[in-house]
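S.K.: Sequence plus predicted model, see below.
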There are 2 protein chains.
Amino acid sequence: MIPRKISVAKKKTPQEDGTTEEKIKQAARKVFIRKGFAATRTRDIAEEAGLNLALLNYYFRSKEKLFDLIMLENMQQFMLGMKDIFNNESSTLNVKVIDFVANYINLLKSQPDLPLFILHELKANPQKFVENVGVKKVLFESHFFKQINEATKGKIDSFQLVINMMALTVFPFIACPLLKSIGNLKQNQFDELMEERKVMIPRWINSMLKIK
Amino acid sequence: MIPRKISVAKKKTPQEDGTTEEKIKQAARKVFIRKGFAATRTRDIAEEAGLNLALLNYYFRSKEKLFDLIMLENMQQFMLGMKDIFNNESSTLNVKVIDFVANYINLLKSQPDLPLFILHELKANPQKFVENVGVKKVLFESHFFKQINEATKGKIDSFQLVINMMALTVFPFIACPLLKSIGNLKQNQFDELMEERKVMIPRWINSMLKIK
DNA sequence: GTCTATAATTCGATAGAC
DNA sequence: GTCTATCGAATTATAGAC
């Protein structure tokens, strides 16, 4: 059989025309993120897209190739925010923290399943995606890291602080069902809590920076 | 076909005799936690146990029933530590935090995949397991919560603080592959970082409590 | 490009011998 | 209780008509 061309990165406008290819990608994105790779059936994606199963293979050759595409895009999206904020040379440390937290909480309110999806698939297949993270050393040489070191005179490992910032911001969304259960929260109450965290997390981080 | 009895909670010694049933459970535990329900094949479990596929169904009737058993046990194990520590009436707030962090980091060093597994399966099937959490209101009426309220005079929502404590403790293990990648860490360096956190997290939590 | 129908494979579960 | 062999359903992928 003649291998069909896979069209990729065609430089279209972001939120996309109603191309069949794009419809499939959008549907795949939705279903993969909700259920993960293994639990997703190609039929689910086809149905979600309102299209036929055969078209998936026509455009993307296989479930796995489609998944890899989606996964890569999601990881890049997830990492993008960090890079931009951390390397902004004209903002203060405090503003960077505020920006980071607000940006990610906004992102996660619209896509709550994203981090669990990424981290689960990353663990399932570390060697495959971990190279594509695309931040790496950029983080360690960032303006943000220098500012932390200045502010704390090296008292806190900058990396640990970034872990803390990510943990405080992202973890509640990963543990959402658990937290809703033990806190007896409805979705809007959970959202409320996350809004509070948007202002609290920067204060908490700030208090860590001040530890002698 | 005659339904066979499923033996459950037989009151054996904890880490168990070499019963076939127990071998299967141990193997299932290992494979399910590593790969999740959907990606696990019953054949994997049988192979891991060094036994035949048919025995799984003989002892546990189905993949799903076996999974539910494992899942329930894991959730209980994961929640147990909290309950005990939070309700200890004779320890100070600070000691409770120290105990919580040390206990969980020790647990997670020996079972790093546990939280991602639980949270992923909980999201995949919220209505099924969420009732069995077994903490619920116990947490809100705990000695721990009262101590937080006293210490901060209600300045911090106790629930938010517990979220923070869990986030700072658990998140690094959930994000382990990502953190190892962006930090260029080997496993022993990662473990080192977690050891540092054992002493740092209580300090960070403490600094949050002191915010005016 | 898009569809229907189906091939090929995988996987959970069971029958039946021992 | 344990095994081998196999059934049947589900699922990915493809062939071929339009």
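M.R.: Looks like it arrived, so ask away.

S.K.: can you map out the helices along chain A?
M.R.: A:20-39, A:42-49, A:53-60, A:63-86, A:93-110, A:114-124, A:126-129, A:137-140, A:143-152, A:158-174, A:176-183, A:187-209 (DSSP state H).

S.K.: Where among those helices is average confidence lowest?
M.R.: Note on those: helix A:137-140 shows the lowest mean pLDDT, a mean of 76.

S.K.: what about the closest residue to A:Phe78 other than its chain neighbours, neighbour count?
M.R.: Leaving aside its sequence neighbours, A:Phe78 sits nearest to A:Ile118 (CB to CB, 6 or more residues apart in numbering or on different chains; 5.9 Å). C-beta coordinates here come from the backbone N, C-alpha and C atoms, glycine included. A:Ile118 has 22 neighbouring residues, counting by other CB atoms under 10 Å in any protein chain shown.

S.K.: looking at it, A:Ile118 is touching A:Asn74, isn't it?
M.R.: Yes. Using CB atoms under 8 Å, A:Ile118 is in contact with A:Asn74, at 5.9 Å.

S.K.: quick one on the thing from earlier: quick one: the residue nearest to A:Phe78 from DNA strand D, how far?
M.R.: Per CB to the nearest atom of the strand, to the nearest Å, A:Ile118 is found 20 Å from DNA strand D.

S.K.: Could you measure from that residue over to DNA strand C?
M.R.: A:Ile118 is 23 Å from DNA strand C, by CB to the nearest atom of the strand.

S.K.: ditto for A:Glu64
M.R.: For A:Glu64, the distance to DNA strand C - CB to the nearest atom of the strand - is 13 Å.

S.K.: do the same with A:Gly154
M.R.: Counting by CB to the nearest atom of the strand, the gap from A:Gly154 to DNA strand C is 50 Å.

S.K.: which ones are touching that residue?
M.R.: Applying CB atoms under 8 Å, 6 or more residues apart in numbering or on different chains to A:Gly154 gives no contacts.

S.K.: check contacts around the residue nearest the centre of chain A.
M.R.: Taking CA atoms, centre = their mean, the centroid of chain A lies closest to A:Phe78, which sits 3.2 Å from it. Neighbouring residues of A:Phe78 by CB under 8 Å, 6+ apart: A:114-115, A:118.

S.K.: Which member of the residues you listed is positioned nearest A:Val95?
M.R.: Set against A:Val95, the nearest of those by CB to CB is A:Pro115 (23.6 Å).

S.K.: Quick check: that closest one touching A:Leu108?
M.R.: Yes. If you go by CB under 8 Å, A:Pro115 and A:Leu108 touch, sitting 6.9 Å apart.

S.K.: joint contacts of those two?
M.R.: Common neighbours of A:Pro115 and A:Leu108 (criterion: CB under 8 Å, 6+ apart): A:170, A:173.

S.K.: who has more neighbours, the two?
M.R.: Higher neighbour count among A:Pro115 and A:Leu108: A:Pro115, with 24 against 20, using other CB under 10 Å.

S.K.: State the distance from the more buried one to B:Leu185.
M.R.: 20 Å (CB to CB, to the nearest Å).

S.K.: same check, this time on A:Leu72
M.R.: Taken as CB to CB, the span from A:Leu72 to B:Leu185 is 23 Å.

S.K.: and what of A:Lys123?
M.R.: In terms of CB to CB, A:Lys123 sits 15 Å off from B:Leu185.

S.K.: Among those two, which residue is more densely surrounded?
M.R.: A:Lys123 (22 against 16).

S.K.: How far does stretch A:86-93 sit from its chain's centre?
M.R.: Its chain's C-alpha centre and that of stretch A:86-93 lie 21 Å apart, by CA atoms, centre = their mean, to the nearest Å.

S.K.: So for that stretch, what gets flagged as buried?
M.R.: A:86, A:91, A:93 (16 or more other CB atoms under 10 Å in any protein chain shown).

S.K.: for stretch A:55-75, same thing?
M.R.: A:55-56, A:59-60, A:63, A:66-71, A:74-75.

S.K.: Determine which two of these are furthest apart.
M.R.: The span of these, defined through CB to CB, is set by A:Leu55 and A:Met75 at 25.4 Å.

S.K.: which residues sit in contact with the residue lying closest to A:Lys186 once chain neighbours are set aside?
M.R.: Using CB to CB, 6+ apart and skipping residues adjacent in sequence, the residue nearest A:Lys186 is A:Lys180, 7.6 Å away. Taking CB under 8 Å, 6+ apart as the criterion, A:Lys180 is in contact with A:186-187, A:190, B:130.

S.K.: Got a quick ChimeraX command for the buried subset of those?
M.R.: Burial among the contacts of A:Lys180 is assessed by 16+ other CB under 10 Å; the matching ChimeraX selection reads:
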select /A:190 /B:130
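
S.K.: Looking at the contacts of A:Lys180, spot the one nearest B:Glu47.
M.R.: B:Val130 (31.8 Å).

S.K.: Now for the residue nearest to that closest one when sequence neighbours are not counted, how many residues are close by?
M.R.: Spatial nearest neighbour of B:Val130, chain neighbours left out: A:Ser181 (4.4 Å); criterion: CB to CB, 6+ apart. Counted with other CB under 10 Å, the neighbours of A:Ser181 add up to 19.

S.K.: Now do A:Ser181 against A:Ser110, distance only.
M.R.: From A:Ser181 to A:Ser110 the distance is 23 Å (CB to CB).

S.K.: Also A:Ala124?
M.R.: Taking CB to CB, one finds A:Ala124 at 25 Å from A:Ser110.

S.K.: what about these two, which has more around it?
M.R.: Neighbour tally, A:Ala124 and A:Ser110, criterion other CB under 10 Å: the higher count belongs to A:Ala124, 19 against 7.

S.K.: thinking that one is in contact with B:Lys35, fair?
M.R.: Yes. In this structure A:Ala124 lies within contact range of B:Lys35 using CB under 8 Å: 6.8 Å.

S.K.: any residues in contact with both of these two?
M.R.: By CB under 8 Å, 6+ apart, the residues touching both A:Ala124 and B:Lys35 are A:Ala38.
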